[in-house]
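Participant: Coordinates for the following, if possible.
(one chain, ligands or ions: 2)
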Amino acid sequence: MATIERAEVLITSPGRNFVTLRITTSDGATGLGDATLNGRELAVASYLRDHLAPLLIGRDPARIEDTWQYLYKGAYWRRGPVTMTAIAAVDVALWDIKGKVAGLPVYQLLGGRSRDGVLVYCHASGASTDELLDDVAAYAEKGFKAVRAQAAVPGLSGSYGVRKGTIYEPAATALPDEQAWSTEEYLDFAPGYLGKVRERFGFGIHLLHDVHHRLTPIEAARFGKSVEDLRLFWMEDPTPAENQEAFRLIRQHTTTPIATGEVLTSIWDVQQLITEQLIDYVRTTVVHAGGITHLRRIFDLAALYQVRTGSHGATDLSPVTTAAAVAVDISVPNFGIQEHMGHTPATYEVFHGAPRLEGGMLHPSEAPGLGITYDDEAAARFPYEPRYLPVARRLDGSVHDW
Ligand code: CS2
Ligand code: MG
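Facilitator: Ligands and ions are numbered 1, 2, ... in the order given. Modelled structure (predicted):
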C-alpha cells in the first residue's frame, strides 16, 4: 500500500498570492490542492505546514473520506475559512492522486458527465455606465453567455468590482485600502446601469450582479424589487449571510433570484438557506468549503431543495480550484453556473493544464486526476507579497461590509 511521504506548502505570487499544497506518495504519485485564502494566505499555510502535514505522513492516500473526517473532527475546533481551506487543500490533492492512480480524470470518479460543458460567467465592469456597456459588449463578442455587471457609483471610491487594468484584483495593497461607501448612492445608481445593460443587449445574455454583502435585508428587498423587470440571473450576496434568517425578509418581497455562499465554508453555514429555500444558488467553492468531498455534500443537499450551484471562481482561486470545480460542476445534477474570471498570464506560467474555455463554457481536461501541473522554477520567480483586501467605511467613517 502506498503511503503519503511528503506534504509541501508552496507559496507564489504571479500577479497575486497563491498557496498550494503538494502531496507526494511512496509510489511517486503527486496531487495538488489550492489553499489560497485572499488576504489571510499565511494563516492557511501555517495551518497546513505546522499542524496538518505532520498528521498526513504515513497515511494511506486512498482513504480520502477517512482523512477528511480525521482532520475535521480531529481538530476539535470546527469550521471557519482557515480550517476548511486547509482541509480542502488536502482533500483536493488526494482526489488528484486518486485520479492519477486510477488513470481517470477526477470528473469520471464523481459520476462522469451530466452535461456537455460548464456554463461560466465573467466580470464586466466600468468606471462609468458607458465603459461597463463596452465591457459587456467585449465579453459577448468573445462568446460569453453570462456576464456579471458592476459599475462605479459616481463619487464613491468603494464601488465593488470595478476592474483597474486587465484583470480585477481587489487585494492590491500592502495594507487595507479604505474605501468610501454610501448605500443611498448605490441604491439610486445601480438599478439604472443594470437597466442600460438590458436596453442595449436585451435578454439574450444572462445578467448577474454582485451586491457584495452591502445591504440590510430590507434594503436588499428594495433593490431586488427595483430590478425585477430586468430578470437578473441572480443578485449575489445581497446581505451578510452569517444570519441565514435575514434572507427570509428579502424572499418575502422580491422574485429576483438570490445567490450567496462564497464566504461560507461548511454545510451548516448554508443549511437553513438551502432547506428553507431562502436562496436559489449556493456559491460555496471547492477551495474554501472543505474540498470536493464536502462540497458534494452541500450540493447534494441543495439538489433536494431545488437550489442550484453557482460556485465562486474569482482570480484569488487558483487554476487548481478551477480544475476541481469543473470536475464537480460537470457531474452534479443541479449545476447552475460557474464564475470564471480567469488568471494573469504569469499565473499560467506556474499552473499548467487549466480547463479549456470555449463557447462560454469550461471543459475538463481528460488527463488523469485534475490535469494541473505546478512549475516550481516559474513559481520561484514570483515571491510572496503581503496583500490585503479593502475595508469599506460609510461616509460617517464607520466600518461597513466590504
Ligand atoms: C467576488 C470576489 O467574485 C466574486 O463574486 O465576491 O471577487 C471576492 O470579492 C474576492 O474573491 C475576495 O477575495
Ligand atoms: Mg461575490
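
Participant: is it true that Ala45 lies in a strand?
Facilitator: No: if the criterion is DSSP: H, G, I helix; E, B strand; the rest coil, then Ala45 is helix and not within a strand.

Participant: ok, it touching Leu21?
Facilitator: No: when contacts are counted by C-beta atoms under 8 Å, Ala45 is not listed as touching Leu21 (9.1 Å). (Each C-beta comes from the backbone N, C-alpha and C, glycine too.)

Participant: And those two? Which one has more around it.
Facilitator: Leu21 (28 against 23; other C-beta atoms under 10 Å).

Participant: bridging residues for the more buried one?
Facilitator: Beta bridges link Leu21 to Val9, Gly33, judged by DSSP bridges.

Participant: Now Ala380, what are its backbone angles?
Facilitator: phi -70, psi -20 (degrees, to the nearest 10).

Participant: who touches it in this structure?
Facilitator: Thr12 (C-beta atoms under 8 Å, 6 or more residues apart in numbering).

Participant: and it, what pLDDT?
Facilitator: Confidence at Ala380, expressed as pLDDT, is 98.

Participant: Repeat that for Tyr168.
Facilitator: For Tyr168, the predicted pLDDT is 84.

Participant: Distance-wise, check it relative to Thr239.
Facilitator: 22 Å (C-beta to C-beta, to the nearest Å).

Participant: which of these two has more neighbours?
Facilitator: Thr239 (24 against 18).

Participant: now the residue in the stretch 301-402 of the chain that ligand 1 sits nearest to: how far from Gly58?
Facilitator: Residue of the stretch 301-402 of the chain nearest ligand 1, by C-beta to the nearest ligand atom: Ala314 (3.5 Å). Going from Ala314 to Gly58 by C-beta to C-beta gives 36 Å.

Participant: neighbour-wise, which of the two wins?
Facilitator: Shown here are Ala314 and Gly58; by other C-beta under 10 Å, Ala314 has more neighbours (20 against 10).

Participant: residues contacting that one?
Facilitator: 38, 168, 262, 339, 341.

Participant: Per-residue pLDDT of it, please?
Facilitator: 96.

Participant: Nearest residue to Ala172 in space, please, no chain neighbours.
Facilitator: Sequence neighbours aside, Arg387 is the residue nearest to Ala172 in space, at 6.8 Å (criterion: C-beta to C-beta, 6 or more residues apart in numbering).

Participant: Got the phi and psi for that neighbour?
Facilitator: phi -140, psi 140.

Participant: pretty sure it contacts Gly39?
Facilitator: Yes: using C-beta under 8 Å, Arg387 is in contact with Gly39, at 6.7 Å.

Participant: quick one: which of those two has more around it?
Facilitator: The neighbour comparison of Arg387 against Gly39 (other C-beta under 10 Å) goes to Arg387, with 20 against 15.

Participant: Could you report the pLDDT at that one?
Facilitator: On the pLDDT scale, Arg387 gets 97.

Participant: For it, give me its contacts.
Facilitator: 16-17, 38-39, 171-174 are the contacts of Arg387 under C-beta under 8 Å, 6+ apart.

Participant: ok, and of those, which contact ligand 1?
Facilitator: Asn38 (C-beta under 6 Å from any ligand atom).

Participant: Can you tell me which of the contacts of Arg387 is closest to ligand 1?
Facilitator: Asn38 (3.4 Å).

Participant: Let me see the ranges of the helices in the chain.
Facilitator: Using DSSP state H, the helices of the chain run over residues 41-46, 53-56, 64-73, 81-102, 106-109, 129-141, 183-201, 217-226, 246-253, 271-275, 291-304, 319-329, 345-350, 376-380.

Participant: Averaged pLDDT, the fifth one. What do you get?
Facilitator: Here helix 106-109 scores 98 as its mean pLDDT.

Participant: just checking, what packs against it?
Facilitator: With contacts taken as 3 or more C-beta pairs under 8 Å, 6 or more residues apart in numbering; DSSP states H and E, helix 106-109 sits against helix 81-102, helix 319-329.

Participant: Alright, I will stop here.
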